[in-house]
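Asker: next comes the sequence, and after it the predicted model I'd like to discuss.
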Amino acid sequence: MYCAKCGTECLPEFKFCKSCGAPVGANGSSPSATVTTPQMTPQAAPQVAANVQAAAPYQAPAAQAPAPPPGMVPVLYQAYPGGPQQVYYVPAQNVQAHARAGFLESLQSRIRELASTDKLEGFSLGQTFSETFKRHGSDAVEEYMMVGSSRTTPPIDVVETGWPRPWMFFRLLMLFVIAFVVLYVVWKFTANTPLVPAIMIMGAFAVPLATLVLLFEMNTPRNVSLLLVGKLFVMGGLAALCAVSFEYMFAIAGKVPGIVEETAKLAAVLLVVRSTRYKYELNGILFGAAVGAGFASFETSFYGLVNAFLPTLIQGLQQMQAPQAINAAMQSMVDNLVVRGVLAPFGHVAWTAIAAGAFWRLKRDQPTSPSMLLDTRFLKAFAIPVAMHTLWDASVIFPNLSTVVNICLWIGTGVTTWYVLFGLIQQGLRQVKDMQQAQLQRTLDHVEAAILPQGAAAMQPQ
């Protein structure tokens, strides 16, 4: 039976409805109402269904990864594609160092691709400069520098093909530095004005000439004389004067010194060296270094005099007595010379060495032709010194750059420049080694050609 009030099913012995508590009859029916079975109309069914909310399926809370130990970071390792993955915890500094190493390796790879050079092998700064501070007698010095003529050029068979160990450059650098310091100290005590040009020349020429001698020692074939190096040095100075004159005459040239000056220096190299006798890539590197050293020396003299000494002197004469004005101008020039001297190895000498070395990689023992200057391999390598020069002089284009940014640019361009230059030197050493092997093979062929016919004749029956 069912309750007449709510329709709940009740047992016969119930006196009250178990749902609503309404009384039911003694036999299970209400005394005042007949028991009726409630009917669910079709219209009420959707309403009931709408009032009943379906229970959402149970979802377990997501498991949280355990926190890594202090100073450790998780690294996902997968031995092969599609294989199982395992999480390892490694020190954070190791991950950062690996990321930096990967970035540097990628950057070096791109630079080598642009310069068409290989990764440095067997190179060590400690071994390369291991002879720098050792004692060498005066006879060794004279013999070391007397090279390049037909009588003093060693045969290709005995040329060293490993990384050279230069030492002469350091002695020349110390000679110039000592002379510069002595002249400056004497001037401080005597205030003798005629010492000013000597101090300027010593300060401007010291580091470029020492860097030139360093690359002179890297020329292991020893087939370039000091006379030719001197001619290129003077031509480099002439190129500097011409380039600076054009930069002051045309405003656009002053905004792109990398293109103007690097082109002028390479033109000076090609104008002086037209002989096909110099076939080694190391020769081209030396030729470029000579012109670059002359350019750097004359340019530093120009800036020391025109940009430092004279402006300070003119301004000082308006505010103080002549001796004090000369002293201030002298100090300004010395500061300028010292700064430019410290930065000189990373500038013009190395830039022009790269440009000329890349050109000699194509020229070798052939006459110079315009097609070589348009060769893609040369143009890509030539873009490196142009780009390094442009970044070095970024303050010319962007005068508001801070000192910190300029210093970072100088360090970055200097390291990149010498990385490329050492790569070219390594290529030049390999060229010498290949020519040695070719010479040895030709010698063996001649010996076999001279011996075998005689042996064959001896074996013929009489």
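Answerer: Happy to help now that I have it. Numbers count the residues shown, from 1 in each chain.
Asker: what helix or strand is the most centrally placed residue in the chain on?
Answerer: Geometric centre of the chain, nearest residue: residue 416, 2.9 Å, by CA atoms, centre = their mean. Assigned by DSSP states H and E, residue 416 belongs to helix 403-459.
Asker: now for the residue nearest to residue 380 when sequence neighbours are not counted: which residues touch it?
Answerer: Once flanking residues are discounted, residue 380 sits nearest to residue 114: 5.2 Å by CB to CB, 6 or more residues apart in numbering. Placement of C-beta: from N, CA and C, glycine included. Residue 114 makes contact with 380, 381, 383, 384, according to CB atoms under 8 Å, 6 or more residues apart in numbering.
Asker: just the residues you listed now: which is nearest residue 176?
Answerer: Nearest to residue 176 among these: residue 384, at 29.0 Å, using CB to CB.
Asker: quick one, what contacts that closest one?
Answerer: Neighbours of residue 384 in contact, by CB under 8 Å, 6+ apart: 111, 114, 115, 354, 416, 417, 420.
Asker: widest-spaced pair of these?
Answerer: Between all members of the contacts of residue 384, the farthest pair (by CB to CB) comes out as 114 and 417, at 12.8 Å.
Asker: low-confidence regions, this protein specifically.
Answerer: Scanning the chain with the threshold set as pLDDT under 70 gives 1, 18, 25-66, 71, 75-86, 88, 90, 92-103, 453-462.
Asker: now the strands: where do they sit in it?
Answerer: 72-78, 85-91 (DSSP state E).
Asker: just the buried subset of the contacts of residue 384, please.
Answerer: The neighbour count (16 or more other CB atoms under 10 Å) marks 115, 354, 416, 417, 420 as buried among the contacts of residue 384.
Asker: these two touch, right, the second one and residue 289?
Answerer: No: between residue 354 and residue 289 no contact is recorded; they are 9.6 Å apart, counting by CB atoms under 8 Å.
Asker: hmm, residue 391 is touching residue 411, no?
Answerer: No: with contact defined as CB under 8 Å, residue 391 does not count as touching residue 411 (10.9 Å).
Asker: looking at the two, which is more packed in?
Answerer: Under the criterion of other CB atoms under 10 Å, the comparison of residue 391 against residue 411 puts residue 391 first, with 16 against 11.
Asker: check contacts around that one.
Answerer: 409, 412, 413 are the contacts of residue 391 under CB under 8 Å, 6+ apart.
Asker: can you select the buried ones from these in PyMOL?
Answerer: Those of the contacts of residue 391 that count as buried under 16+ other CB under 10 Å are selected in PyMOL with:
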select buried, resi 409+413
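Asker: nearest to residue 346, of the contacts of residue 391?
Answerer: Nearest member of the contacts of residue 391 to residue 346, counting by CB to CB, is residue 413, at 7.0 Å.
Asker: that closest one and residue 253: what is the separation?
Answerer: 21 Å (CB to CB, to the nearest Å).
Asker: same question, residue 309
Answerer: 25 Å.
Asker: the more surrounded of those two?
Answerer: residue 309 (23 against 17).
Asker: beta partners for residue 23?
Answerer: As for beta bridges, residue 23 partners with residue 16 under DSSP bridges.
Asker: burial of it, as a residue count?
Answerer: 14.
Asker: hmm, it is touching residue 15, no?
Answerer: Yes: using CB under 8 Å, residue 23 makes contact with residue 15 at a distance of 6.4 Å.
Asker: which residue sits closest to residue 292, ignoring its sequence neighbours?
Answerer: Using CB to CB, 6+ apart, the closest residue to residue 292 is residue 352 (3.4 Å).
Asker: the one you found contacts residue 385, doesn't it?
Answerer: Yes: when contacts are counted by CB under 8 Å, residue 352 is listed as touching residue 385 (7.0 Å).
Asker: which residues are in contact with each of these two?
Answerer: With CB under 8 Å, 6+ apart, residue 352 and residue 385 have common neighbours residue 262.
Asker: residue 230: neighbour count?
Answerer: Neighbours of residue 230 using other CB under 10 Å come to 12.
Asker: repeat for residue 324
Answerer: Neighbours around residue 324, by other CB under 10 Å: 12.
Asker: do the same with residue 443
Answerer: 11.
Asker: what of residue 178?
Answerer: 12.
Asker: that one and residue 192, how far apart?
Answerer: 19 Å.
Asker: also residue 219?
Answerer: Counting by CB to CB - residue 219 and residue 192 are separated by 40 Å.
Asker: of the two, give the one with the bigger neighbour count.
Answerer: residue 219 (26 against 10).
Asker: residue contacts, that one?
Answerer: Taking CB under 8 Å, 6+ apart as the definition, contacts of residue 219 comprise 280, 282, 283, 285, 286.
Asker: I'd say the first one and residue 224 touch.
Answerer: Translated: residue 280. No: using CB under 8 Å, residue 280 is not in contact with residue 224, being 9.1 Å away.
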